[in-house]
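> Model the following, please.
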Amino acid sequence: MNEDKILKKATSYCAYQERSEKQLREKLIKLGADEYLAEKLTNLLINEKYCDNLRFAKSYVRGKFYQKKWGKLKIKAGLKTHNLPPNLIDIALGEIDTGDYLQQLEKNLKTKAKSVGNHDKKAQRFKVYQSLYRKGFESDLIFKLMGEHLSD
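Numbers count the residues shown, from 1 in each chain. The predicted structure is shown next:
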């Protein structure tokens with residue numbers, strides 16, 4: 001594939017949804033670009049505003065939190081796989097409203113507590129904690145809310 005065709009496909013790839021620089025480079029290599037051409041086209045698409053890591057990070061955070069209901073720890077881990085700098089990750093995570101975050105954690109807690117049942121309180125608390133921690137919520141917030149909502 002020649003440079004123009006690769007550029008056209010890469011432009012479409014970026015226009016379809018937000019992409020990180022890492023995703024763009026991988027796509028360019030997959031399309032047949034060598035390292036030099038991939039770097040050149042990546043820089044061109046960044047300058048043309050087709051690819052922007054901050055925009056990607058914010059979009060990623062919104063999707064994972066508001067649609068998948070993930071916590072900040074899991075979202076942060078996902079963003080790290082895209083080789084984003086820590087300051088961009090922090091800016092993007094700052095987009096999550098604290099009230100929405102605590103409300104989502106509480107909703108997840110109540111839903112999981114109902115599904116587990118309340119036969120054995122210790123087992124219930126453990127299963128609820130595990131579920132919320134796997135979703136990426138912070139331990140201290142989980143324990144605080146469990147203390148408020150799951151009495152012994």
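
> on contacts alone, who are the packing partners of the longest helix seen in the chain?
Across the chain, the longest stretch assigned as helix under DSSP state H is helix 98-116. Applying 3 or more C-beta pairs under 8 Å, 6 or more residues apart in numbering; DSSP states H and E, one finds that helix 98-116 makes contact with helix 121-134, helix 139-149. Using the backbone N, CA and C atoms, a C-beta is placed for each residue, glycine as well.

> Tell me the buried residues in it?
By neighbour count with 16 or more other C-beta atoms under 10 Å, helix 98-116 contains the buried residues 101, 104-105, 108-109, 112-113, 116.

> try stretch 55-63
For stretch 55-63, the buried set under the neighbour-count rule, 16+ other C-beta under 10 Å, comprises 56-61.

> and if you look at stretch 118-128?
Neighbour-count burial for stretch 118-128 flags 124-125, 127-128 (criterion: 16+ other C-beta under 10 Å).

> pull the CA atoms of that stretch into PDB?
Listed next in PDB are the C-alpha coordinates belonging to stretch 118-128 (Å, rounded to 0.1, in the frame of the first residue of the first chain):
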ATOM      1  CA  ASN A 118     -27.800 -11.900  53.300                       C
ATOM      2  CA  HIS A 119     -27.400 -15.500  54.600                       C
ATOM      3  CA  ASP A 120     -23.900 -14.900  56.000                       C
ATOM      4  CA  LYS A 121     -23.000 -11.300  56.600                       C
ATOM      5  CA  LYS A 122     -19.200 -11.900  56.600                       C
ATOM      6  CA  ALA A 123     -19.400 -13.800  53.200                       C
ATOM      7  CA  GLN A 124     -21.800 -11.100  51.800                       C
ATOM      8  CA  ARG A 125     -19.300  -8.300  52.800                       C
ATOM      9  CA  PHE A 126     -16.400 -10.200  51.300                       C
ATOM     10  CA  LYS A 127     -18.200 -10.800  48.000                       C
ATOM     11  CA  VAL A 128     -19.400  -7.300  47.700                       C
END
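
> show me the contacts for the spatially most central residue of the chain.
For the chain, I75 is the residue whose C-alpha lies nearest the centre (C-alpha atoms, centre = their mean; 3.7 Å). I75 sits next to 60-61, 64-65, 93, 136 when contact means C-beta atoms under 8 Å, 6 or more residues apart in numbering.
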